[in-house]
Every structure is written in C-alpha cells, then in structure tokens.
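Chemist: Provide a 3D model corresponding to the input given below.
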Amino acid sequence: MGITIIATSTAMLLLQMRDVSSLVPPSPARLLSHGTSHRASSLTYRSSSIPPSWTSLMMSQEDDPSSSSAAVTTTKPPSKRAQRKANQRAHKEQKPIQKNVNKATSQHPEAIIKRQLKQQPPQRSTTPTRGNNGRNHNFAERAQFLQETEDENDEFVTKLVENPYDYTNTRAVVHPLHSTAVDKLDVSLTTADDVVKAIKRAQNLHDLHDIREIAHFLLEEVDISFAYGYRGSLLSRLAVASLHMNNHDIAERCVTERRISHRSSMLPMESAAIVRGLLRCHYIEEAWEVLEDELHLPLDGWVEFDTSNLSGDDDELHLEEEAIRRQLEIRETLIHRAQSIGSIASRHFYEEEPTAGMRAILKLKEMGGIVKEAGLTAEELGMPWERFVRGAALCEKNRRDGKWDEHEKLGLGFDKSGNANTSGEDPSQWPCNIVYTVLDAMISFPPENKDVTFEALCNALVRRTVFVTGAVAMDGCPEPDRGEVAFIGRSNVGKSSLVNMLTNRKSLAFTSKTPGKTQQFNYFAVNDKPELARQIRYGDDVPGSKDGDSFYIVDLPGFGYAKVPQQQKQEWSDFMDEYLLKRSTLRVVFHLIDARHGPTDEDVKIMQKVGTIMGSKEQRRNKAKYVIILTKADKNVKGANSEKNPGKVAESVRDKLIDTMKANKVGFAPVVLTSAETRLGRDEVWKYLRLAAES
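Modeler: From the prediction side, this is the model:
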C-alpha cells in the first residue's frame, strides 16, 4: 500500500514539472528499483546522461496525448553492452562512405567518369567487356561483335575483298576505332604513341577492323615523314600484329612499303620479329626472304676502311666514330640473324622436318667464323643450343623407329601407305646422327660450356654404353665392324676420368688414385645392340642390331707410373705398335698429356711411336687421326669453375709442347684443352669422336 502511494505522488509531481526542459521523467520501473526511501533529488536526470534515441522515444511518448501511462512504464533503457554494439554498427555503416569520400580526390574528367561507372550497378552490355589485365578472353563473343560491326559497312568490306591493297576512297580522313584509349586516327592529331597503343590493343583483342583502319592510316594517309621518320617502325609493328591474326595481305604490304621507303632506318630487332611472325603462320619461304634481305651477312673486309683520302685529325676522328657505329650495327645484325635462323631450325626439328632443320643449322655453321671475328660472346648471342639438340634428337629417334625408311628405299617416291612423298626427306643424305649437325654449329660458335646442353648432347649421342672385353693381344680384340677411338697416355694422366666425362657416365671406365690400374685394352661399345648388356659371356649370339652411329672406345693401359714388371710394359708397347699399325677400323688416337707439367719422357716416346707409325703411309692399314689432349687444365687456375674460368695452360708448358711436337714430326696434330672437373673441351673432343661414329 505504501509503494502505491509513493508512485502516485511522484507521477503527480512530474505532471506539474512538464514545462521544465532540463528534467526528464524517469520510468516507474527505474523508480521502483531505487526503493521507497529514495530521495526526490535522485529522481532528476540530465538529458546528457541518457542516449539520444532513448530521450527522443520518451519525449515522443509524453507529447502524444493518445499514449497511455502503461506504455511509458514498460520501456527499458539499453544496457552498456547494447550501446556498444549499436555504436559498432553505426561505425561500420559510416566507414564505406568515408572511404569513398577520401578516394574521390582527382578532378580529372577521365577519373570522374571512372568513379561514376563504378558507382553504377553492373549491367549486361551487348559489347564485350574487358577482363583481367585489359584483355578479353571471350574471343567468340568478341568475334561476333566485330563481325556485326564490319557488316554495318558493306561498301568497305566489298571493296576490301575485291582488292585488299586498294584503300582509296573507302574511308574518310578520320578513322574510327573500337578502342576507348584511342578512338580515332587523325592525320593532324594522331601521334606515334597513339598508333602503337592502337596496334597493341587490336593485336591483343584480335580486332581485325582496327588493324585495317590502322593499315589504311599508315599506308595511305601519312607520308614517310610521319612521327619524325618513325613510320617504318610502326609498319613493322603493324606487320607483326597482322601476322598474329594470320592476315598475310596487310603484313606483306607493310613489309614491302618498309623496304621501299625506310630501308635506311630498318632495325634488326624489327626484322627478326617479322621473321618469327612469318614462321608462326608457316610462311617459311617468306621468312627466309626477309632474313636474307634484311639480316644478311656483312661483306668481306667489313672491319676495314679506306684511309687514302684522310686530310686531318677531324677526318680520322670521324672515321673512328663511323667504324664503331658500323661494328655495333653489324654485331646487332649478327645476333638477330643467328637467333632468327635458330627459330627456323627449331620449328623444323619439332615439326619433324629434319632436312629443312639441318639446312638452317648449316647456315648457323657458316656464320660461326664471322661471329667470332666480331667478338661476340655466348651470353650476347643467347643461342638455345639445348633446344636444337633435343629437336634433332627427336628426329633421330623417329629415324631409328623407321619413319623414313620407305623414303630412302623408294627414292622419295611413296611412303608406307602408298602415298606420294612430298616432304623432301631423304635419309640417305643425312649424317649418321642428326645431332652431329648441331654439334658442328655449336663448335663454330663461341663456347658456352653449359652442363644442361652437354647433358642433352650426351643423351642424344650416347644412348647405351657397355663394357665388351679386355684385350691383351690383337686376337682378343672385337670384330672390326665399326669405327673406334683410342685413348693413350702415361699413368695417372686422367684417361678414365676423361672417358666418363665424354660419355656423361660416372663409372663407365674405372678410376683410381693408384696409378696403373688399367692393364689391358678395355673396349667399350657405344650404341650397340639393346640386349648386349644381358649377354652372359663375351661372344654369345645376341639378337638385334647396333645403331648406325655405334663405335668403340678403347682405353689403353698407362705407362710410367704403373707398378708392373718391365717385361709387361714391353708387351704393352709391342701390342700398341701392332694395334696402331694394323687395326683397320681405328679412326682417332687421343694422346693425353698433363697440362700442369707438359710432355714427359713417356709422352715423348709415344710421340715418336705415333710419328713413326702414322708417317709410314705404305704400311698403315687405317686413316687414324692423331689428337693431343691437355688434361687437368683446372689445376692451373685458382677457383676454377665451368662458366667463368674453366682452366688454362701456362705459356712455358705450351712452348715446350710445341717444340716437342715439331721434334717428333707430329706438329700437325690439333691440341685440345680439357678438364674433367669443369667439363672444359668436351664439345671439341666430340668433334673427333664423330669420325669413329660415321665410319
């Protein structure tokens, strides 16, 4: 009863104080929570202590005469947790708006348009949209859109079909484009950068309409002085873009106009790009024509100048500058010519056209001497020799599988299916292994000495290796049915290590730190019968046939440090004399000499023996070639590595070797510097191993 009286008195008091704006009536529920002994002063609340939403709600309820006192009494103020959640939601709603306000700072017209487009909801447009990186990946939709655009102008389409080279009176001076960055081409306003942007965009989006408009603009509207003579480069770019879309007509006209009007300003890089574009469209003859016309080899004496008409220092300075300019120009031409020919060779090899591929490789071999004369390095040339080797190995594999056997038997008449052979492939004119053609070109160019390239080369030339037998007399040697190479030298000179390096095997020939481990003539067969490794005893009948490039590697015993009786050394010497003189299939004799010390007494004896035997042409039964190999060249260099400093030989050792060779009548022999550690000289040695494979 007491609680009811207090509540009623409080309500009457609040009705008398409605006009006081500084007071806000509390809810009866909150009043009851304070108890009956709460003072009247505690019922006064300032408006700042109540949330605005709660204050407005209560004031609206008081101002509304229809609202009952019961509705007011049931309202409860939010808790602190509810207030915190409400503030977080309000902050999240205001954050995107603040982000957009901060971002819209640029007042450039193009930026304003972009902002307006972003604010608009996405709509499905009839024109194709651009995807990631500014490229349209839906080429079917793009082609349909461009076709509809082309059909709107039947007169231009008809004119182009009738005569693709005649653009006269088919367009106005202003050429509209589909691009938003460059929407038109105007003679008075368009710059070279605008044309480049339009060409790139048309090439990326396969826009044939824009390509035609650009061709009309460059070929008919502007003259040779457009963009300060930059028109020739624009024509080359347009030719490449046209070939990218397989439009040979526009590309041919651009190339012709470029030759006629801008021959003096043609760049080798642009010519190489046109060659690659023609190859992409399978225009092989046109690619060769552009290469021989625009990337031709320099004439003989290109480094020499006529100095008879010089009159002073100014003329000499001008001549020196002209010589430097011409050398740089020729160097760049040689680089792009070599790379372009490499593209042609690679294309033919991987499309199984070995004859055309070898023709391109022979072109590379012909320019090898000029490349070295120009002072170009392997890094500057950047030739993909590994790719050439793998392509040639692919063709050689198809040849071993019998793909072109019928062509050789029938004289290029018909293939196995009875169809006429029009490929021009005649295996009878090929070398024993197509990869040897690539090897010859590699040797003619500056050496690169890359392990990955030599690994591909060894995998193509040495497919199988097997130890055949060890002979101590002539009757123990295998049947002379293929060529063979012999490695001789004193003990501990590195014969076995060199054999393992050349064949890319780790343990083909046994290597040891103890000198004289090789005590017989060890025969290793390369590319022999596939089943030969399974024979139980030497001489057993093994099915199959050897490959056409099979040969023997013979590791002869060393002299000097070998701890064997003198009688056995004499037997080795007599056996070697008979072997060098009577072995009919011997093709190359490699004499290994340590590059650190030069020829020793044992090496002098070997030179005398070789000079005497190979000098007697009447008694010899073979045509063996004598080659001197200097081993362990890396020991003469501190910190030797395969790329920068693979090895060298001291001048004193070199002079001593030359004098010894002349004294023993073997001064004609070539000398190869090698190292089993840095893989130096392996390509050069393989040039002579080829002689055994081809016999």
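Chemist: Go through the helix or strand hosting Val653 and flag the buried ones.
Modeler: According to DSSP states H and E, Val653 maps onto helix 651-663. Applying a neighbour-count criterion of 16 or more other C-beta atoms under 10 Å, one finds Val653, Arg654, Leu657, Thr660, Met661 buried in helix 651-663. Every residue, glycine included, has its C-beta placed from N, CA and C.
Chemist: So the last one is in contact with Met607, correct?
Modeler: This points to Met661. Yes - in terms of C-beta atoms under 8 Å, Met661 counts as a neighbour of Met607; the distance is 6.8 Å.
Chemist: low-confidence ranges in this structure?
Modeler: Judged against pLDDT under 70, the low-scoring parts of the chain cover residues 1-75, 93-173, 300-317, 406-424, 507, 509-518, 533-540, 559-564, 615-621, 638-645.
Chemist: After the top strand by length along it, which helix or strand is next?
Modeler: Within the chain, and with DSSP state E defining each element, the longest strand by residue count is strand 586-594. On the C-terminal side of strand 586-594, the closest following helix or strand by DSSP H and E is helix 601-615.
Chemist: Give the buried residues for that next one.
Modeler: The neighbour-count check on helix 601-615 (16+ other C-beta under 10 Å) flags Glu602, Asp603, Lys605, Ile606, Met607, Lys609, Val610, Gly611, Ile613, Met614 as buried.
Chemist: Also stretch 292-301?
Modeler: Glu294, Leu295, Pro298.
Chemist: now the first one, nearest residue through space, not along the chain?
Modeler: Counting by C-beta to C-beta, 6 or more residues apart in numbering, Ser271 is the residue found nearest to Glu294 once chain neighbours are left out, at 4.0 Å.
Chemist: what about Trp487, is that helix, strand or coil?
Modeler: That one is not Trp; residue 487 is Phe. For Phe487, the secondary-structure state derived from DSSP: H, G, I helix; E, B strand; the rest coil is strand.
Chemist: Contacts only, for it.
Modeler: Contacts for Phe487 (C-beta atoms under 8 Å, 6 or more residues apart in numbering) come out as Lys495, Leu498, Val499, Ile553, Val554, Asp555, Leu556, Phe590, Leu592.
Chemist: mind redoing it with 6 Å?
Modeler: Counting by C-beta atoms under 6 Å, 6 or more residues apart in numbering, Phe487 touches Lys495, Asp555, Phe590.
Chemist: At which residues are the strands of the stretch 101-250 of the chain located?
Modeler: Counting by DSSP state E, counting those that start in this stretch, the stretch 101-250 of the chain has these strands, from start to end: 175-176, 184-185.
Chemist: what's the burial count for Asp426?
Modeler: Residue crowding around Asp426 was assessed by other C-beta atoms under 10 Å; the count is 14.
Chemist: Make 25 the first number, not 1, from now on.
Modeler: Understood, numbering begins at 25; the last thing we discussed is Asp450.
Chemist: circling back: farthest pair in the buried residues of helix 675-687?
Modeler: The span of these, defined through C-beta to C-beta, is set by Val677 and Met685 at 12.5 Å.
Chemist: Next, find the distance separating Gln112 from Ala106.
Modeler: When C-beta to C-beta, to the nearest Å is the yardstick, Gln112 and Ala106 sit 11 Å from each other.
Chemist: ignore the last one, Asp464
Modeler: Distance of Asp464 to Ala106, given as C-beta to C-beta: 88 Å.
Chemist: Would you mind telling me which of the two has more residues around it?
Modeler: Between Asp464 and Ala106, Asp464 has the larger neighbour count (other C-beta under 10 Å), namely 17 against 11.
Chemist: which element follows the helix holding Val677 toward the C-terminus?
Modeler: Read in the C-terminal direction, the helix or strand following helix 675-687 is strand 695-697, with elements assigned using DSSP H and E.
Chemist: Tell me which other helices or strands that following strand touches.
Modeler: strand 649-655 (3 or more C-beta pairs under 6 Å, 6 or more residues apart in numbering; DSSP states H and E).
Chemist: Show me what counts as buried in the strand it packs on.
Modeler: Using 16+ other C-beta under 10 Å, the residues of strand 649-655 that count as buried are Lys649, Tyr650, Val651, Ile652, Ile653, Leu654, Thr655.
Chemist: got the contact list for the helix holding Val677?
Modeler: Outside of helix 675-687, the residues within contact range by C-beta under 6 Å, 6+ apart are Gly622, Pro623, Gly691.
Chemist: Now do the same contact list for the first one.
Modeler: Okay, so that is Gly622. Residues near Gly622 by C-beta under 6 Å, 6+ apart: Val677, Lys680, Leu681.
Chemist: Ok, the last one next?
Modeler: Shown in contact with Gly691 (C-beta under 6 Å, 6+ apart): Met685.
Chemist: same thing but 8 Å
Modeler: Ile682, Met685.
Chemist: Repeat that for the one 3 residues further on.
Modeler: For Pro694, the contacting residues are Val651, Ile652, by C-beta under 8 Å, 6+ apart.
Chemist: Same question for Gly399, what's its three-state structure.
Modeler: Each residue gets one of three states, and Gly399 gets coil by three-state DSSP.
Chemist: Could you give the number of residues near it?
Modeler: Gly399: 10 surrounding residues under other C-beta under 10 Å.
Chemist: how about the buried residues of helix 625-639 in JSON lines, adding distance to Glu595?
Modeler: Shown next, in JSON lines, are the buried residues of helix 625-639 (distance: C-beta to C-beta, whole Å):
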{"residue": "Glu626", "distance to Glu595": "16"}
{"residue": "Asp627", "distance to Glu595": "20"}
{"residue": "Lys629", "distance to Glu595": "15"}
{"residue": "Ile630", "distance to Glu595": "16"}
{"residue": "Met631", "distance to Glu595": "21"}
{"residue": "Lys633", "distance to Glu595": "15"}
{"residue": "Val634", "distance to Glu595": "19"}
{"residue": "Gly635", "distance to Glu595": "22"}
{"residue": "Ile637", "distance to Glu595": "17"}
{"residue": "Met638", "distance to Glu595": "22"}
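Chemist: For Glu718, give its distance to Arg287.
Modeler: Glu718 sits 44 Å away from Arg287, taking C-beta to C-beta as the criterion.
Chemist: Ok, Ala417 next?
Modeler: Distance, Ala417 to Arg287, by C-beta to C-beta: 40 Å.
Chemist: Just confirm Leu291 contacts Ser257, I think it does.
Modeler: Yes - distance between Leu291 and Ser257: 7.0 Å, which falls inside the contact criterion (C-beta under 8 Å).
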